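J.: how would this look folded up:
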Amino acid sequence: MKWLIAATVLTLAGLFGIHSVRRSYSSNRLTQPMQEQRLAPDFALPQLDGSELRLSSYRGKVVLLDFWATWCAPCREETPGFIELQRKYSSRGLQIIGVSMDDGPEPVHVFYQEFQINYPIVMGNAKTGELYGGVLGLPIAFLIARDGHIYAKHMGATNSSVIEKEIQTLLQ
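T.: Below you'll find the model as predicted:
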């Protein structure tokens, strides 16, 4: 009988823990505009066409730097919203840059064409992730102000309307 009670308690605790983790992951966790706005680390990474993209060349624009992967379901869900944000705000100074954390460019090419992505995608790596505090889960997006400082960090899938409000603030 004691083992049945113990098993029930452990099961309930496990279910609660799993629910809590799932809830925090999918709740659009947002680190509010960062108190200590540090300069976004610069990098030079290969784009899908082989050319190099340097983050610092986008200084003067508002940049949404999105760490993602083709196998990441929440990343796939966010992509159409990012495509729309790029379409809507590029003329006002927004530049979205996707940093693929896939192992190779092959699935990224397919994904890029399938979704008709309208912003550059670079092939990231562990070193790039470390520059931004470690990319332990995907997606993670950084909103970077025109002066190159990180304004906000979004962990997990985030509704594009949340990010759009921040973009509008930074574009003013």
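J.: domain parsing for the chain?
T.: The record's domain split for the chain, according to automatic domain parsing, is 1-30, 32-171.
J.: strands of the protein, residue ranges please.
T.: Ranges of strands in the chain, per DSSP state E, are 30-31, 44-46, 52-54, 62-68, 94-100, 121-123, 140-144, 150-155.
J.: so which residues of this structure form helices?
T.: 2-26, 73-89, 106-115, 126-131, 160-171 (DSSP state H).
J.: and these, which one's lowest on average pLDDT?
T.: The weakest mean pLDDT among the helices of the chain belongs to helix 2-26, with a mean of 34.
J.: thinking again about what came up before, in TSV, list the domains of the chain along with mean neighbour count.
T.: C-betas here are computed from N, CA, C, even on glycine. Rendered in TSV, the data for these read as follows (neighbours: other C-beta atoms under 10 Å):
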stretch	mean neighbour count
domain 1-30	10
domain 32-171	17
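J.: OK, contacts around the closest residue to Asp66 other than its chain neighbours?
T.: Using C-beta to C-beta, 6 or more residues apart in numbering and skipping the chain neighbours, the partner closest in space to Asp66 is Ala141 (4.7 Å). Contacts for Ala141 were tallied using C-beta atoms under 8 Å, 6 or more residues apart in numbering; they are Leu64, Leu65, Asp66, Phe67, Glu78, Lys153, His154, Thr158, Ile163.
J.: let's see that with 10 Å instead.
T.: With contacts taken as C-beta atoms under 10 Å, 6 or more residues apart in numbering, Ala141 has the following neighbours: 30, 64-68, 75, 78, 82, 96, 98-99, 152-158, 163.
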